[in-house]
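Student: From the sequence below, what's the structure:
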Amino acid sequence: MKKKLLYILTPILAFWSTSCNDFLDEVPDDRVDLDSEIKMNQLLLGSYPSNSPVVMAEYLSDNVDHKTGVVLTSHYRNQDEAYAWADIQDETGNDSPKDFWGAAYTSIAAANQVLKSIEEQGNDPKFNPLKAEALMMRAYNHFLLVNFYGWHYNDETSETDLGIVYMEAPEADLNPHYERESVAEVYRKIDRDIREALPLIDDDIYRYPKYRFNRQASLAFAARFNLFYGKYDEVIEYADELFGADPRPLMRDKYYFKSLTRDVGIFAEHFTSLDVNANFLVLTPISHARIYFANYTTGKLYQHTYFIGNNETLRSNGPWGTYSSSVPYTFNIHSSGYSSSNYMITPVIYGAFRTTNPIAQTGYQYSTILAFWAEETLLCRAEAYIVKGEYDKATEDLALWMKYQIDPSIGITLTRDLINDYYGNLPYFEPHAPTPKKRINPLNFTIASEEQENFLHCLLHFRRIETMSLGLRWYDVKRFGIEIHRRDILRDGGGDTFQRVTDVLTVDDPRRVLQIPPDVISAGMTPTPR
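Tutor: Numbering: from 1, shown residues only. Next up is the predicted model:
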């Protein structure tokens, strides 16, 4: 039964699970009577969110421009709506906000059913690892929802800012009524669930732990959550527990990745592999992400242009010096440019097409997307050090990121002086003359010094490169009050030419908060003020 208001399903679930050889192995439909560890485990395995906010988050962010001078189209109208920061009405495809809303609350419903069943069986300690996973799953889905549909957390307004509904029990009523809780209240409940879950996690119960909330993934989530929450000591505490005395064994060997064939599919497959130590949690939602952010023409009207890539991200200059093809592929992580319309990609999303009707050749696109990984957690800790004014420690983390990201033949080591010199002298971004340095207005703290600002610009530059195509840039834009300019960029021969600014998302623009789905509003839930 599907509830119209929250799209929460009762536990009559069609599962699809993951394995090393085929992440689309299917578990048959079944009505689950949760009276055993096996059945609870099966329910949780099949209930990780089947849809993702990654695609919409990328189109909301400044990682895309509107490309002119070549015939291109959007794939679905919701791409146009996201790019315009409009209320998204189009529900076509599997990346619409409505799909994500429904998938997240369905996942939460499964977690709540497991938690209720454990309680009904006397909270037997043998269920503790499953209880931990259910709590982490519940916390994570609410974290995604509140940051997608609410203002970013801050101490001044979050007690009154509209968040989302925090579901803490299975639905029991036929026509339930829900009120949106404040952003602050949702954050408190996420924090509670994480703290309760962490001591109970046991990776030994999983056959393939990187598809589940294993201990590494849970600590990485705790670090990112507390970064967004403005609890910087906790960020460092959780990251320290994750990395131990030395983060290097968990860093991705990007020099090895650079040695791989330049085939983007092979690179993406390796990048998201369970065998890579850096990968903590791998999700496989139904999504066109692997198509939109790879070497396909589909949906390229809004794209990561050469204009962005060469000046702000994947091939930008930085404290490593000037990007140059004479040092082949300055960044060890693979990036490719395509002159068909001058777009640039980094193949970090793998996937497959699952055929459901062999005759009609119809089915679903699945994308393999990293939810948590080592380099992003390292940058979370670096940011916490920066806010606390511990610049030497921040430099160590930022230098470690650069060591594994930049071709070692360049021979540059990041230092505190180099960060201050480079970002202190870098001009601020202008739409026609872009740089990685955009003016920032952090929501959770006040910039204390010029040095702190320099370090934050370095951190945001690194994070933008590290999280390209994975949706996190949009939340950094919100967290740091970064203004976005929508630009028309002309494909002009071998390069890109700035034409005009068509719109601006200011720091206090209400369009920074995505409207909840239309059907949810029509069912009676309070809409977000626009």
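Student: Check which helices and strands the longest helix anywhere in the chain is in contact with.
Tutor: In the chain, assigned by DSSP state H, the helix with the most residues is helix 97-120. Packing contacts for helix 97-120, counted by 3 or more CB pairs under 8 Å, 6 or more residues apart in numbering; DSSP states H and E, involve helix 37-45, helix 128-149, helix 518-522. For glycine as for every other residue, the C-beta is placed from the backbone atoms N, C-alpha and C.
Student: Tell me which of the ones you listed lies nearest to residue 438.
Tutor: helix 128-149 (19.9 Å; CB to CB).
Student: How far does that closest one sit from its chain's centre?
Tutor: Put simply, helix 128-149 sits 15 Å off its chain's centre (CA atoms, centre = their mean, to the nearest Å).
Student: For the helix or strand following that helix, name the packing helices and strands.
Tutor: Helices and strands here follow DSSP states H and E; after helix 128-149, the next one along the chain is helix 183-197. Contacts defined by 3+ CB pairs under 8 Å, 6+ apart place helix 183-197 against helix 128-149, helix 215-229.
Student: So which bits of helix 183-197 are buried?
Tutor: 183, 184, 186, 187, 189, 190, 191, 193, 194, 197 (16 or more other CB atoms under 10 Å).
Student: so where's the stretch 251-400 of the chain shaky on pLDDT?
Tutor: 261, 324-330, 332 (pLDDT under 70).
Student: which helices and strands does whichever strand or helix holds residue 459 pack with?
Tutor: Applying DSSP H and E as the criterion places residue 459 in helix 450-466. Helix 450-466 sits against helix 374-387, helix 391-405, helix 416-425, helix 473-479, with contacts defined as 3+ CB pairs under 8 Å, 6+ apart.
Student: Which of the ones you listed sits closest to residue 168?
Tutor: helix 473-479 (24.3 Å).
Student: ok, residues contacting the closest one?
Tutor: 57-58, 60-63, 147, 151-152, 228, 442-444, 460, 463-464, 467, 482, 484, 512 (CB atoms under 8 Å, 6 or more residues apart in numbering).
Student: before we move on, back to that, run the angle between the helix holding residue 459 and helix 374-387 for me.
Tutor: 170 degrees (axes from the mean of the first three to the mean of the last three CA atoms, to 10 degrees).
Student: Keeping just the C-alphas, turn helix 450-466 into CSV.
Tutor: C-alpha atoms of helix 450-466 as CSV (Å, rounded to 0.1, in the frame of the first residue of the first chain):
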residue,chain,number,x,y,z
GLU,A,450,42.5,36.5,6.1
GLU,A,451,44.4,33.3,6.7
GLN,A,452,41.3,31.4,7.6
GLU,A,453,39.6,32.6,4.4
ASN,A,454,42.6,31.6,2.3
PHE,A,455,42.4,28.1,3.8
LEU,A,456,38.7,27.9,3.2
HIS,A,457,39.1,28.7,-0.5
CYS,A,458,41.7,26.0,-0.7
LEU,A,459,39.4,23.5,1.0
LEU,A,460,36.5,24.4,-1.2
HIS,A,461,38.6,24.2,-4.4
PHE,A,462,39.8,20.7,-3.4
ARG,A,463,36.3,19.6,-2.3
ARG,A,464,34.8,20.7,-5.6
ILE,A,465,37.3,18.6,-7.6
GLU,A,466,37.0,15.6,-5.2
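Student: what about it, average pLDDT?
Tutor: Confidence over helix 450-466 (mean pLDDT, whole number) is 98.
Student: mind checking how far that helix is from the chain centre?
Tutor: On CA atoms, centre = their mean, the centre of helix 450-466 falls 18 Å from that of its chain.
Student: What lies in contact with it?
Tutor: 63, 312-314, 316, 318-319, 331, 333, 375-376, 379, 382-383, 386-387, 389, 391, 394, 398, 401-402, 405, 419-420, 422-424, 426, 436-438, 440, 442, 447, 472-473, 476, 480.
Student: Pull out the buried members of these.
Tutor: Buried among those by 16+ other CB under 10 Å: 63, 312-314, 316, 318-319, 331, 333, 375-376, 379, 382-383, 386-387, 391, 394, 398, 401-402, 405, 419-420, 422-423, 426, 436-438, 440, 442, 472-473, 476, 480.
Student: Could you list the buried residues of the helix holding residue 459?
Tutor: Buried, per 16+ other CB under 10 Å, within helix 450-466: 451-466.
Student: pull the CA atoms of the longest helix of the chain into PDB?
Tutor: The C-alpha coordinates for helix 97-120 follow below in PDB (Å, rounded to 0.1, in the frame of the first residue of the first chain):
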ATOM      1  CA  PRO A  97      12.900  14.900  -6.400                       C
ATOM      2  CA  LYS A  98       9.600  13.000  -6.000                       C
ATOM      3  CA  ASP A  99      11.300   9.700  -6.800                       C
ATOM      4  CA  PHE A 100      14.000  10.400  -4.200                       C
ATOM      5  CA  TRP A 101      11.400  11.500  -1.600                       C
ATOM      6  CA  GLY A 102       9.500   8.300  -2.000                       C
ATOM      7  CA  ALA A 103      12.700   6.100  -2.000                       C
ATOM      8  CA  ALA A 104      14.100   7.800   1.100                       C
ATOM      9  CA  TYR A 105      10.900   7.400   3.100                       C
ATOM     10  CA  THR A 106      10.500   3.800   1.900                       C
ATOM     11  CA  SER A 107      14.000   3.000   3.200                       C
ATOM     12  CA  ILE A 108      13.100   4.700   6.500                       C
ATOM     13  CA  ALA A 109      10.000   2.600   6.800                       C
ATOM     14  CA  ALA A 110      12.000  -0.600   6.400                       C
ATOM     15  CA  ALA A 111      14.400   0.600   9.100                       C
ATOM     16  CA  ASN A 112      11.600   1.400  11.400                       C
ATOM     17  CA  GLN A 113      10.000  -2.000  10.900                       C
ATOM     18  CA  VAL A 114      13.200  -3.700  11.900                       C
ATOM     19  CA  LEU A 115      13.600  -1.500  14.900                       C
ATOM     20  CA  LYS A 116      10.000  -2.200  16.000                       C
ATOM     21  CA  SER A 117      10.500  -6.000  15.500                       C
ATOM     22  CA  ILE A 118      13.700  -5.900  17.600                       C
ATOM     23  CA  GLU A 119      11.800  -4.000  20.400                       C
ATOM     24  CA  GLU A 120       8.900  -6.500  20.300                       C
END
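Student: one step back: please convert the buried residues of helix 183-197 to CSV, extending it with distance to residue 529 and pLDDT.
Tutor: Below are the buried residues of helix 183-197 laid out as CSV (distance: CB to CB, whole Å; pLDDT from 0 to 100):
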residue, distance to residue 529, pLDDT
183, 13, 98
184, 17, 98
186, 17, 98
187, 20, 98
189, 23, 98
190, 23, 98
191, 26, 98
193, 28, 98
194, 29, 98
197, 34, 98
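Student: just those residues now: which is nearest residue 257?
Tutor: Looking across these and measuring by CB to CB, the closest to residue 257 is residue 194, at 31.4 Å.
Student: Number of residues surrounding residue 75?
Tutor: Residue neighbour count, defined by other CB atoms under 10 Å, stands at 20 for residue 75.
Student: Check which helix or strand it maps to.
Tutor: Using DSSP H and E, no helix or strand contains residue 75.
Student: got a list of what it touches?
Tutor: 93, 288, 292, 298, 299 are the contacts of residue 75 under CB under 8 Å, 6+ apart.
Student: Report pLDDT for it.
Tutor: On the pLDDT scale, residue 75 gets 96.
Student: Kindly report the same for the one 10 residues further on.
Tutor: Confidence at residue 85, expressed as pLDDT, is 98.
Student: Could you report the distance from it to residue 68?
Tutor: Here the criterion is CB to CB, to the nearest Å. By it, residue 85 lies 20 Å from residue 68.
Student: go on, residue 136?
Tutor: Residue 136 is 45 Å from residue 68, by CB to CB.
Student: Can you pick out the residue with more neighbours from the two?
Tutor: Using other CB under 10 Å, the more surrounded residue of residue 136 and residue 68 is residue 136, with 27 against 18.
Student: How about the more buried one, nearest residue that isn't a chain neighbour?
Tutor: residue 213 (4.0 Å; CB to CB, 6 or more residues apart in numbering).
Student: Which phi and psi values does the one you found adopt?
Tutor: phi -80, psi 70 (degrees, to the nearest 10).
Student: Isn't it up against residue 140?
Tutor: Yes - assessed by CB atoms under 8 Å, residue 213 is found in contact with residue 140 at 7.3 Å.
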